[in-house]
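# fold the following and give me the result.
(2 chains)
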Amino acid sequence: MFEGLQLFAAAIMGFMNFTSIFNALWATQLGIIIGMLPGLTATMGVALLTTLTFHMDPNAAILILICMYVGSIYGGSRSAILLNIPGTPANAATTVDGFPLAKQGLAGKAIGIATTGSFLGSVIGMLTMALFTPLIGTIALSFQSFEFFWFAIFGIVICGNLTAPKDPLKGWISGFLGLFVAMIGMEGIHAYVRYSFGNTNLSGGIALIPAMVGAFGLAEIITVMRYTKFDVVKTKIDRVFPRLGDVFQYWKTIIRSGIIGTFIGAVPGVGEDIAAWVSYDMAKRSAKPKDQELFGKGSVEGLLAAETGNNAAVPGAIIPVLTLAIPGSAPAAVLLGAMLIHGVRPGPLIMVEFPTFVYEVTSMVLIATLAMFILGLCMVRSLVKVLLIPRQKLMPIIFVLCVVGSFALQSRLFDVGIMIVFGIIGFLLREMDYPMAPLVLGIILGDILDKNLRRALVISEGSLQPFFTRPICLVLFIVTVLIIISRMPWFGKLFAAIKSSIFPKKTV
Amino acid sequence: MTEKTMARADFYTALVLMAFGIAVTILALQMPPVTERGQSPYSAPGLLPTLLGIVITSLSAIMFVRSLRKIGKNAGVSRGAVKQFFSEEGTRRMCLTILLCLLYAVSLGRVLFPLTTFLFVFVFVLVFEYKLKESFTSQRKKVLLAAVLALCVSASVTGLFQYLFLVNLP
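As a prediction, this is how the structure comes out:
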C-alpha cells in the first residue's frame, strides 16, 4: 500500500518539470479543441498524435496521448452544449440537458458544470485505476490461454452488443470483420503468411494505427463534408466558474456516475458513450420525482451525471489495457498500440516487467485531469470561436495530418493506402449503422484470440473441456451466451411470459 | 436512411458478406496443416480463420434472411432512386471529398510534398466555396484566403513535422 503511494509520488515528481507541464498543457488544449469540433473524435486525435510523437521519449509521448484523450472527451461537451451536436460520441448524453441550459441563457453555467463533472469523474476513475490495476494485474497472472480466449470472445460480443443497441448483429459482424483483418499477414506461431496474395506489404499485416486513422479520421471527414454547416446557439456566456453548492448538492450522483463510468470503461471496447448514457439513466431513475421532471429540460444533475460518467470511463478504459492488453474503448485501443510502439508491453506481466509504469500512467491521468480542469475554465469565450471555422477550411488540414500520420510510422505509402481504404469502408459501414468500435477491438484482439486458441488446444491436446470447466472460463462463457440470447426476439417474449406468470397483473 | 432503404442496404451487404465469409473459409481450409513438420494439428494457421469465415457467413446469412423478410419481393433498386441519390447535394459533396482525397494520395511520392499539399488544400477550399454563378471579382477575397491558408498549411506541416517532430514526409 505505502510502496504504491511512494511509487505514485515518485512518478508525479518525475513529471514536475517544464517540458512535461508544457506538453501536458498543449496536448490537453489541442484535445479540447479536437473534442469540440463535431466530426473529430478522441480516437482520431489520439491516433494522429501517436504517429506524430513516436520519435519522442516514451513517457513524454504517452503523457501527450493521455492528455489528448482526457481533453477531447471533455472538449466534446462544448459543442454538445452550444450546438446540440456531441463533439465526440461520448458527449451524446450531454446534449440532452446541456443544450436546453444554453437555450435558457445559461451556457456559461453549463460549461462550468460539465468541466467540474469531467474533473471529478476523472479523479474517481483515476483513484479506482490506482487501487485496482495492481490487484487485477496480480489476478491476471494466473490467467492462461483458455481465459484469454474467452476474454477476447466476450470483448467482441459485449462490445458489439452495446455499441449497436438497435441491431447487435451489425456490431458482431463488425467485430468479426475486425478479427479477420488481424488475420492478414504473418502469424506468430509458424510464421505462415495468411491472406497476402503474394503482396509483400500485406505480408507484414495491416497496421492498427493507419487503419484507425482511416476508420475514425477519413470516415469522419467524409461524413462532416457530406452534411451542411452547423449553427452555434446565440447565447451569452456568463459566469463559467461553478458555485460549489451547485455541484456538491449532487455528491451522490457524482460518486455513482464516477463508479459506473469507471466500471463501464473497463469493459472491453464499450467506451465512454455507453458510460455517459448509463450514468445519465441511473441519475434520472434515482432523482426525486420533482427533479426527474427537469431531466431533458436543462437538469444540472443530468448534465453532471453524463459528464462525470464519460470522463470516469477514460481511466476505466486504461485499466484492462495495462493489466490484460485488452482496450476498454477505441481511444484506449490506440493508446495500447502506442505503448507497444514505445516498447512497453502491457498485460499480466506489467507489474513484473514494468512495476513503475502503472503509477506513471496514473500520474499522467492526474496531470491530464488537472490540465483539463484549468484549461476548461479558462479561455471559454475565445475557444468557442473555433466552432465557427468553416468545415471546408478545416477538413483538408485534418486530411493532410491523417496522411502524414499514416505515413510517419513506417515511411510507407502503402499505409496511406490502408488509411484511405479503411476510411471509405468505415464511412460506408457507418452509414449502414455498423459501429466502428467492435471493428477496432477485433483488430487488436485478433492476434490474442489466434495465439491463445491454438496454444490452449495444443496444451489440452484438442480437448475442449478446459474451455468450459475452468472457473473464469465458465463464468465468461455463461455471460457471453447470456448476452447473445438476451438480444434474441424469442428471449424477450419468454422473459415477459415468465415475468407475467410469476407476477400476474391484478385485475379489478 | 429510412427503414426500407436500410433493409435493402442490409440485403445487398449480407450478400457481399456471405460471399466474403465463404471466400475466407475456403482460403483458410487451403492453408497447410503443420503435421508434416511434426507440429500439433491444433496449431495450424488456418484454424481461427476457418472459424471466423464460418461465423461471418452465418451472421450475414441471418441478416440476409431478416432483410429479405422486411423487403419481400422488392429487392430491386429503381433507376429513379439511384438518380435521386446522385442528384442530392450531400452525395455530390461526399463524392467530391473522396475524389479530392484520392487525388492527393495518388500524387504523393510523385509531386513534391509541399507543392501537392498546397494544391490539395487550395483546390479543396475553392471547390466547396467558389460559386460558379458569381463573378471572379466578387470572389477574389475567397480565392486569396484559400491560397493563404494552403500556403500556411503546406509550410507549417512541412516545417513542423520534418524539422521539429523529425517525421519523414511522403
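# quick check: the gap between the residue of chain B positioned farthest from its centre and chain A.
Farthest-out residue of chain B from its mean C-alpha position, per Cα atoms, centre = their mean: B:Gly38, at 43.4 Å. Per Cβ to the nearest Cβ, to the nearest Å, B:Gly38 is found 12 Å from chain A. C-beta here means a position set from N, CA and C on the backbone, and glycine is covered the same way.
# tally up the residues packed near the nearest residue to B:Leu15 once chain neighbours are set aside, please.
Excluding its sequence neighbours, the residue lying closest to B:Leu15 (Cβ to Cβ, 6 or more residues apart in numbering or on different chains) is B:Phe64, at 6.6 Å. Residues within reach of B:Phe64, counting by other Cβ atoms under 10 Å in any protein chain shown, total 18.
# so B:Phe64 makes contact with B:Met18?
Yes. Counting by Cβ atoms under 8 Å, B:Met18 is a contact partner of B:Phe64 at 6.4 Å.
# walk me through the domains of chain B.
Domain segmentation of chain B under automatic domain parsing yields B:3-77, B:88-164.
# would you turn those domains into a markdown table with mean pLDDT?
Below are the domains of chain B laid out as a markdown table (pLDDT from 0 to 100):
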| stretch | mean pLDDT |
| --- | --- |
| domain B:3-77 | 89 |
| domain B:88-164 | 91 |
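# so which of these gets nearest A:Leu169?
Closest approach to A:Leu169 among the domains of chain B is made by domain B:3-77 (5.7 Å; Cβ to Cβ).
# check A:Ser329 and give its pLDDT.
Looking at A:Ser329, its pLDDT reads 90.
# for it, which non-adjacent residue is spatially closest?
Nearest one to A:Ser329, counting by Cβ to Cβ, 6+ apart, is A:Gly271 at 3.5 Å.
# my guess is the one you found meets A:Ile158, correct?
No. Using Cβ under 8 Å, A:Gly271 makes no contact with A:Ile158, being 11.3 Å away.
# what about those two, which has more around it?
Taking neighbours as other Cβ under 10 Å, A:Gly271 and A:Ile158 compare with A:Gly271 leading, 34 against 23.
# contact partners for B:Met94?
The neighbours of B:Met94, taking Cβ atoms under 8 Å, 6 or more residues apart in numbering or on different chains as the test, are A:222, A:225-226.
# filter those down to the ones close to chain B.
Among the contacts of B:Met94, proximity to chain B is found for A:222, A:225-226 (Cβ under 8 Å from any Cβ of the partner chain).
# among those residues, name the least confidently predicted one.
A:Arg226 (85).
# give me the number of residues near A:Ile444?
29.
# ok, now A:Phe414?
With other Cβ under 10 Å as criterion, A:Phe414 counts 18.
# which strand or helix spans it?
Element membership of A:Phe414, judged by DSSP states H and E, is helix A:413-431.
# check which helices and strands that helix sits against.
Applying 3 or more Cβ pairs under 8 Å, 6 or more residues apart in numbering or on different chains; DSSP states H and E, we find helix A:413-431 packed against helix A:208-213, helix A:219-226, helix A:391-408, helix B:89-107.
# wait, what's in contact with the residue in the stretch 51-200 of chain A that chain B sits nearest to?
Nearest to chain B, among the residues of the stretch 51-200 of chain A, is A:Tyr192, at 4.1 Å (Cβ to the nearest Cβ). Residues near A:Tyr192 by Cβ under 8 Å, 6+ apart: A:186, B:31-32, B:45.
# switch the cut-off to 7 Å
Contact analysis of A:Tyr192 by Cβ atoms under 7 Å, 6 or more residues apart in numbering or on different chains lists B:31, B:45.
# only the buried residues of stretch B:137-153, if you could.
B:139, B:142, B:146, B:149-150, B:153 (16 or more other Cβ atoms under 10 Å in any protein chain shown).
# near chain A, from those residues?
B:149, B:153 (Cβ under 7 Å from any Cβ of the partner chain).
# got CSV for the buried residues of stretch B:137-153, with secondary structure too?
Formatted as CSV, the buried residues of stretch B:137-153 follow (DSSP: H, G, I helix; E, B strand; the rest coil):
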residue, secondary structure
B:Gln139, helix
B:Lys142, helix
B:Ala146, helix
B:Leu149, helix
B:Ala150, helix
B:Val153, helix
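# which one of the buried residues of stretch B:137-153 is nearest A:Leu324?
Nearest to A:Leu324 among those: B:Val153, at 40.7 Å, using Cβ to Cβ.
# circling back: list phi and psi for the residue farthest from the centre of chain B.
In terms of degrees, to the nearest 10, the main-chain angles of B:Gly38 are phi 80, psi 20.
# spatially central, which residue of the chain would that be?
Went with chain A since none was named. A:Ser329 (3.2 Å).
# chain B was what I was after
Computing the C-alpha centroid of chain B and ranking residues by Cα atoms, centre = their mean puts B:Ile98 first, at 7.8 Å.
# next one: stretch B:103-118 to chain centre, how far?
Relative to the centre of its chain, stretch B:103-118 is centred 19 Å away, using Cα atoms, centre = their mean, to the nearest Å.
# list the contacts of it.
Residues outside stretch B:103-118 that contact it (Cβ under 7 Å, 6+ apart): A:400, A:403, A:413, A:416, A:420, B:120, B:150-151, B:153-155, B:157-158, B:169-170.
# again, but for stretch B:151-161
Counting by Cβ under 7 Å, 6+ apart, A:52, A:397, A:400, A:404, B:113-114, B:117-118, B:121, B:167, B:169 sit against stretch B:151-161.
# so can I have TSV of those residues showing secondary structure, distance to A:Tyr250 and neighbour count?
Listed next are the contacts of stretch B:151-161 as TSV, based on DSSP: H, G, I helix; E, B strand; the rest coil; distance: Cβ to Cβ, whole Å; neighbours: other Cβ atoms under 10 Å in any protein chain shown:
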residue	secondary structure	distance to A:Tyr250	neighbour count
A:Leu52	helix	39	21
A:Ile397	helix	40	20
A:Val400	helix	44	21
A:Val404	helix	44	27
B:Phe113	helix	52	21
B:Pro114	helix	53	17
B:Thr117	helix	49	29
B:Phe118	helix	52	20
B:Val121	helix	46	27
B:Val167	coil	45	21
B:Leu169	coil	50	17
